[in-house]
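Peer 1: Below: sequence and its predicted model.
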Amino acid sequence: MNGPAHQLVAGFATGVFIAEQERQAGLQTAQPLLAGTAAAFLTKLPDILEPATSPNHRQFFHSVAFAGLLCLAFKELGKWQPESAGGDFLKALGQVAIPAYLIHLFLDSLTVKSLPLVGR
């Protein structure tokens with residue numbers, strides 16, 4: 001998968017997910033558009049941390065182990081009860097950034113090179 005494909009999938013999936021949550025809650029805000037746009041940019045993080053300089057560039061930050069750590073972090077993030085507006089922002093950012101990162105890893109796992117278990 002290439003960068004634009006990662007961005008399209010992450011932005012669309014995030015926007016649709018947030019829109020469905022809002023629909024179920026009887027809300028209608030700009031949040032799906034904002035979250036989808038943020039996810040489209042944040043899904044680039046794995047390739048920022050480990051640039052695609054060669055076909056074998058995928059190491060720890062593109063690994064199954066790191067994906068597992070992100071899943072644990074996402075679970076703990078859901079339990080966090082921020083006590084400030086800054087904390088609310090950081091929680092919301094994490095709730096968009098982690099799935100966007102995981103979408104990138106999932107799409108990379110579908111390629112011939114897939115993902116390493118741990119990296120080097």
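Peer 2: Sure, I can see it.

Peer 1: Show me how far stretch 61-69 is from its chain's centre.
Peer 2: 12 Å (Cα atoms, centre = their mean, to the nearest Å).

Peer 1: Now it: buried residues?
Peer 2: Buried residues in stretch 61-69, defined by neighbour count with 16 or more other Cβ atoms under 10 Å: 61-63, 66-67. Every residue, glycine included, has its C-beta placed from N, CA and C.

Peer 1: so how far is Phe106 from the residue sitting furthest away from the middle of the chain?
Peer 2: Distance from the C-alpha centroid of the chain, by Cα atoms, centre = their mean, peaks at Gly26 (25.6 Å). Using Cβ to Cβ, to the nearest Å, one gets 31 Å for the distance from Gly26 to Phe106.

Peer 1: secondary structure class for the residue lying closest to Pro55 once chain neighbours are set aside?
Peer 2: The shortest distance from Pro55 to any non-neighbouring residue, by Cβ to Cβ, 6 or more residues apart in numbering, is to Lys113 (6.2 Å). Per DSSP: H, G, I helix; E, B strand; the rest coil, the local secondary structure of Lys113 is coil.

Peer 1: Brilliant, that's me finished.
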